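Kindly generate the corresponding structure for this input.
(2 chains)
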Amino acid sequence: MAPTVRSAWIQGLHSLAQHPGALGFLADLGAVDRLLTLQGDPSLFVVTAAGQLLVHVLGLALHNCGPPCGPPLDPQWPLLASSLLAQLEEALQPASTPQLLQALGVLTNAFTSCPAPWAPALWGRLRPAMTCLLEGQPLQAPHALGDLLLAVARSPEVVVDLGPWEMLALVLGRLEPSQGGQLALGVLQLPECPQALRAQAFGVLLQPLTCVLSTSTDAPGLQELPPSAVGGSASLDLLLASRSACVGLLCCALARLALLPPLPWRPSPWPQAFLLGAVVAVLRSCNGHVPISAAGGRLCAALVGCERVQRAALDLLGALAQDAGPPELVLEVCGVLLEHVDSPDSSPTVLKKAFQASLTWLPHADKKPHPCGLQVPAQLFLPELLQVLRKRLCSPSWEVRDSGLEFLTQAASLWAGQADFRQMLQASEVPPLARQLLRDPESYVRASAVIAVGQLSSGGLWAHPGDQQGSPLEGLLDMLDTDPDAFPRRAILQVLTAWLRDTHGPLAAHPEPLLARAFQAAGRDPDWEVRARGLELAREFLVQTLGRIGVPCPYVPTPLLDTPPADTQALHPACRTRLFEFVFPALFDYDRPVARAACELLLLLRAQTTTCATPPQAGDTPDPATVEAALHCWRTGEAGRPLGELVPQAVLAVLQALDLDDLRGTLADGSDHAEKSPLSLLQDMLAAAGAQGHNQVDCY
Amino acid sequence: MCGAPWLVLSARCPGGLAPSRMPEIRVTPLGAGQDVGRSCILVSIAGKNVMLDCGMHMGYNDDRRFPDFSYITRNGRLTDFLDCVIISHFHLDHCGALPYFSEMVGYDGPIYMTHPTQAICPILLEDYRKIAVDKKGEANFFTSQMIKDCMKKVVAVHLHQTVQVDDELEIKAYYAGHVLGAAMFQIKVGSESVVYTGDYNMTPDRHLGAAWIDKCRPNLLITESTYATTIRDSKRCRERDFLKKVHETVERGGKVLIPVFALGRAQELCILLETFWERMNLKAPIYFSTGLTEKANHYYKLFITWTNQKIRKTFVQRNMFEFKHIKAFDRAFTDNPGPMVVFATPGMLHAGQSLQIFRKWAGNEKNMVIMPGYCVQGTVGHKILSGQRKLEMEGRQLEVKMQVEYMSFSAHADAKGIMQLVRQAEPEAVLLVHGEAKKMEFLKQKIEQEFRVSCYMPANGETVTLPTSPSIPVGISLGLLKREMVQGLLPNTKKPRLLHGTLIMKDNNFRLVSSEQALKELGLAEHQLRFTCRVHLHDPRKEQEMALRVYSHLKSILKDHCVQHLPDGSVTVESILVQAAAHSEDPNTKVLLVSWTYQDEELGSYLTSLLKKGLPQAPS
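Okay, here's the model as predicted:
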């Protein structure tokens, strides 16, 4: 029987086993025994599905019988649960490794899903078998065992008992330091845990870094460490046993440590100085700086040019930016980051991470307010960083240019208000370079350049505001018309919307002609996301011209109470930009998100204008036949303008003629409803059955 | 995820100890195991873990769309378990899950693909994302930014370039045909290797060449088996049939819709129609979806070296991808009267322009839709191909009166081609993926019979384990090598030969050094070990005379060796010493004492056997 059939059989049983009454039926048919047998299936999918169902059956059996009766640690077990547990316990024998692994997996999941009152009883029942397992030599399935103990430790009803903690400490102690990292991380992620165990686990995670620091002459922060973190020469030998061992061990340790800083219960005292020192040492070794000691030389030989370690170390460095550290170490961090951003050997992925980490560390370089603006480290760091950025924006690799532009955008949005930053940026050649990249051959880079230029313009970060080789606005609008790729065009509309929101932005004065161009371009764009972004721009413009319109709050009876209803005069700016020539056809756009966005926009507009105090005067309003002709024209995508130039009265007439609520309902359905409907599926199945034997397998 | 066995990959110590180098190769398909669609195969080789392809299933829009990556590891980061991901080509069933895997699941390691795949892959991913978000309203889907971030992790490779992923793992790409940039990959750790074919085509088509691989003799060849039982008819027949149908429809004033994906088969069909239109001097317009022709043209120009020989040769005079008859399509052309041919995307009629045109043209029996490839269940393409003539679309009934034709132009190797590749690569074992179980079974038997190698066909989630001979690297000292060089023998991988030395195991390393160096390094004194043998010969003459006779005899036979008669009466040949002595009991018998060192064991044994045969009669 094919594994897919076995999987499907288990899924069928799973559907059946949703009701407690089905349990007896399944047990009587021997389904539970069969599921236990399937734990040895060659297919991972079958094993997993069988394990899931066993956990479900156990949980349901326990739910079914209510809270435990009898002594808390030895209650009366329901028959099905008891027999299932007995078989799982039997598998918890040190000799039966494959079965042991499966049983531990099922029990781990059972702990997370069993009813809370039963957790202590389950632990009480398993404890002897676990103790026996822990006494085995060598320790069998230590990782699966650790997972089970962690699941037990997460159960609040059980943790009053010291058992799981003691066992966790025992497993952690019996694992090689290099093997215990994952379990140590699991322990440290537990919100509540005895301090001694936490220190032991933290020590395991720190040990590789202790070895790294021990190879250098000055090792900052070693006194902050728990004793378990300080390994001897044996640990160092283990670390340096081979290049792949060293790389693997360090990557795992760095990645796990990077998860700790955000935890509210992270180890305390937190050895920030030590960690910074160690990460800097690792990154320096990767860049070929050889520490004086012989072990340092070996370490450097193992790590030099290793991208995997660089990436993991830079991630940890970024995570460590949550706290600062001693100023001299902050300087070192800035130095090593600069080295990585500057090094021609840094790969694009390493460079991207170095930029990201620089972004998180720059505020620390400027922690305290300084009368002149930036603090000394930042004053040293930033100009150099901008210098390197200039170089990177000219890189032949599009990935590097793009990451550089992303960094520039983020830096500009964070520190546009900093006088020193403004000055340094304007003094650098970075802004004109960013502008040049609007003509980059790579569409991703052009899109990032658009965003960066938008950000620089919003922040007034051009070198000479009065003379900017012309405003970038014109150039962007030209790009909107001509760029062959959708990403830059989408970015342009995003920038225009942001500028429109910003009352002091480049669009603050006389936006109408520019917006008219933008709406026209968006309306005929082949990419639906460009059209959708165009509608966002249209909405923003309407918000500004009509006052606040937005999603009505369901808890406010009159959502627009403080906004006077718009009169037809208020629609004139929108009409002048020919916004409605874009929005009305968009309502019938073939691409659903565009139609939906247009519908939502018009619904809001209708809510704003139906209470219009001045009813349209006879003669101004187009007759229903003309409106209908216009609707037909938009619906079919035909050219021509039955309504001529859309004036406010015509807009209101169209709004009234449209059944927007009905349209909203239609658009809310996914267009793949044909695939999902039972009728469609049945037709597919019948057709497939009819065609069986004739169809030939084919693919792309 | 629940259950236990996530031990799909090599048991790499999570802490990063040296990976356990089990002498075995393990392969687990998460997709494409007895299945077409969603290719994703995990390979563990000599402690290195590699994911081959990361595809999605076009037929699903739920969890089943992407492979279940939680099987790779339950604990720890994927990046720490996987050494790299390799993408064979840009089709979505091979790369569609990549942004999800790298940006949402969290794989942060390197992704390898060829340059054309790197260029084209994001276009198709973006297309797919737009359709998923647009038509299916999916909110929790990868974004354009994620596609870009994913592509930044890509390392592009050239054909036949050996790329070192790390100190031990190397990969090499071979030409696979199929689509622009498609490659087969050899994955090698030490002396163990696996070849993954991806999708390939063993016969050249109008714009691409045939797949090729050298006789790399991998431990395992993982090959696609889409056409495991089919010997495909001549491509010319299919092409003629296609042109005939298009021509007939156009002649009677009908419109032809050909739903295609942006790049790949579309270009093949465009070349076909362009040539036909030119030859027949036809006037009916041919259109291609806006924007895509330019883009496709750009990539084919950029990667001209990946196309077939004919296109490369004629490129200087005429670029085959610059079409005279094929123009960009505009939405307004749909309602134009008269005949036309339109290539529109997407290829399964599940959304976008092709579906829009289909809805307009479906009601006219003069029109025709030609589906040139596979359509997954649930799509309009699948429905009409399975014969449904009444479709419910957006609340309205649509009657399909237009002719519906299916013509397979997919470029996969047929059974003959697969056998040819196996013959070419000479693997120790074969593993079939990307095919139907029943058909695989047939091919499996054929491969086992013809090549006398094991053939496997695991289902998704099943692991195949292949034992391999462990490879133990041994360093050779420079001194020893120099000594060999002095003998004028240069190392030659094709002619292995014996090299004598002393194997030293120290610091987890093996080194072969000369015995002198070994003694020196280990601080040991040298002891000479000699083998000795006594040969009894019946001869009444004196010992000195006997020795002289031995000398003359050996001198006449061992012409290439230095045979000496020493003043003390003994005879030497290299380290071999022969002394004649009288027998203690029988004066007519003499004893020859022969001794030699282990270095001359061969010669010593030969000489002993020679003496045992006796000495030639002395002249009287």
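
Lowest-scoring secondary structure element of chain B by mean pLDDT?
helix B:292-302 (a mean of 75; mean pLDDT, DSSP states H and E).

helices or strands up against that one?
helix B:115-135, helix B:265-280, strand B:326-328 (3 or more CB pairs under 8 Å, 6 or more residues apart in numbering or on different chains; DSSP states H and E). For the C-beta atoms, the positions are set from N, CA and C on the backbone; glycine is no exception.

Hmm, B:Thr197 and B:Gly417 touching each other?
No. Taking CB atoms under 8 Å as the definition, B:Gly417 is not a contact partner of B:Thr197, at 10.4 Å.

Among the two, which residue is more densely surrounded?
B:Thr197 (27 against 21; other CB atoms under 10 Å in any protein chain shown).

How much space separates that one from chain A?
14 Å (CB to the nearest CB, to the nearest Å).

In contact with B:His553, which residues?
By CB atoms under 8 Å, 6 or more residues apart in numbering or on different chains, B:His553 lies in contact with B:Leu615, B:Pro616.

per-residue pLDDT, it?
B:His553 is assigned 91 on the pLDDT scale.

Go ahead and list the helix or strand containing it.
Using DSSP states H and E, B:His553 falls within helix B:543-557.

mind listing what's buried in that helix?
B:Glu543, B:Met546, B:Ala547, B:Leu548, B:Arg549, B:Val550, B:Tyr551, B:Ser552, B:His553, B:Leu554, B:Lys555 (16 or more other CB atoms under 10 Å in any protein chain shown).

Kindly report the same for stretch A:102-117.
Those would be A:102-111, A:113-115, for stretch A:102-117 by 16+ other CB under 10 Å.

Not counting its own residues, what contacts stretch A:535-552?
So stretch A:535-552 is contacted by A:493-494, A:496-497, A:500-501, A:511, A:515, A:518-519, A:522, A:559-560, A:562-564, A:566, A:570-571, A:573-574, A:577, A:579, A:582-583, A:586, A:594, A:597-598, A:601, A:604-605, A:607-608 (CB under 8 Å, 6+ apart).

one more time with 6 Å
The contact list for stretch A:535-552 (CB atoms under 6 Å, 6 or more residues apart in numbering or on different chains) reads A:493, A:496-497, A:500, A:515, A:559, A:563, A:566, A:570, A:573-574, A:579, A:583, A:597-598, A:601, A:604, A:608.

Next step: those restricted to helices.
A:493, A:496-497, A:500, A:515, A:573-574, A:579, A:583, A:597-598, A:601, A:604, A:608 (DSSP state H).

gap between B:Leu593 and chain A?
From B:Leu593 to chain A the distance is 52 Å (CB to the nearest CB).

Ramachandran angles for the one residue in the stretch 451-600 of chain A that gets nearest to chain B?
Nearest residue of the stretch 451-600 of chain A to chain B: A:Asp591, at 5.1 Å (CB to the nearest CB). Dihedral angles of A:Asp591 (phi, psi; degrees, to the nearest 10) stand at phi -90, psi 120.

hmm, which of the contacts of stretch A:535-552 are the buried ones?
A:493, A:496-497, A:500, A:515, A:559, A:566, A:570, A:573-574, A:579, A:583, A:597-598, A:601, A:604, A:608.

near chain B, which residues of the stretch 351-500 of chain A show up?
Within reach of chain B by CB under 6 Å from any CB of the partner chain, the stretch 351-500 of chain A has these residues: A:Glu399, A:Tyr444.

Low-confidence stretches in the stretch 351-500 of chain A?
Counting by pLDDT under 70, the low-confidence segments of the stretch 351-500 of chain A come to A:364-379, A:463-470.

what number of residues lie near A:Gln87?
Neighbours of A:Gln87 using other CB under 10 Å come to 16.

Where does it fall, secondary structure wise?
Per DSSP H and E: A:Gln87 is located in helix A:79-91.

Can you name the element that comes right after that helix?
helix A:97-113.

which stretches of the stretch 601-700 of chain A form helices?
Here the stretch 601-700 of chain A has its helices, by DSSP state H, counting those that start in this stretch, at A:624-636, A:648-657, A:660-668, A:673-676, A:678-690.

Out of the ones you listed, which gets the lowest mean score?
helix A:673-676 (a mean of 49).

Can you pull out the low-pLDDT segments for the stretch 151-300 of chain B?
Counting by pLDDT under 70, the stretch 151-300 of chain B has low-confidence residues at B:232-234, B:290-294.

Looking at it, which residue is nearest chain A?
For the stretch 151-300 of chain B, CB to the nearest CB, closest residue to chain A: B:Lys152, 4.5 Å.

count of neighbours near that residue?
20.

from memory it sits against A:Val400, does it?
No. If you go by CB atoms under 6 Å, B:Lys152 and A:Val400 don't touch, sitting 9.2 Å apart.

Now list whatever residues contact both of these two.
A:Pro348.

Do a quick rundown of the helices in the stretch 501-620 of chain B.
Using DSSP H, counting those that start in this stretch, helices in the stretch 501-620 of chain B cover B:515-522, B:543-557, B:601-612.

Check the offset of the second one from the chain's centre.
Yep, that's helix B:543-557 we're talking about. 64 Å (CA atoms, centre = their mean, to the nearest Å).

what angle sits between that helix and helix B:601-612?
Helix B:543-557 and helix B:601-612 are oriented at 120 degrees to each other (axes from the mean of the first three to the mean of the last three CA atoms, to 10 degrees).

Name the helix or strand for A:Gly66, please.
Here A:Gly66 is assigned to no helix or strand, by DSSP H and E.

what does A:Leu408 give?
Going by DSSP H and E, A:Leu408 is in helix A:398-415.

Give me the next element, helix or strand, following that helix.
Counting by DSSP H and E, the next helix or strand C-terminal to helix A:398-415 is helix A:419-427.

what does the next helix or strand after that following helix contact?
Moving toward the C-terminus from helix A:419-427, the next helix or strand (DSSP H and E) is helix A:430-436. Helix A:430-436 is contacted from outside by A:Leu386, A:Leu389, A:Arg390, A:Leu393, A:Ala449, A:Ala452, A:Val453, A:Leu456, A:Trp462, using CB under 6 Å, 6+ apart.
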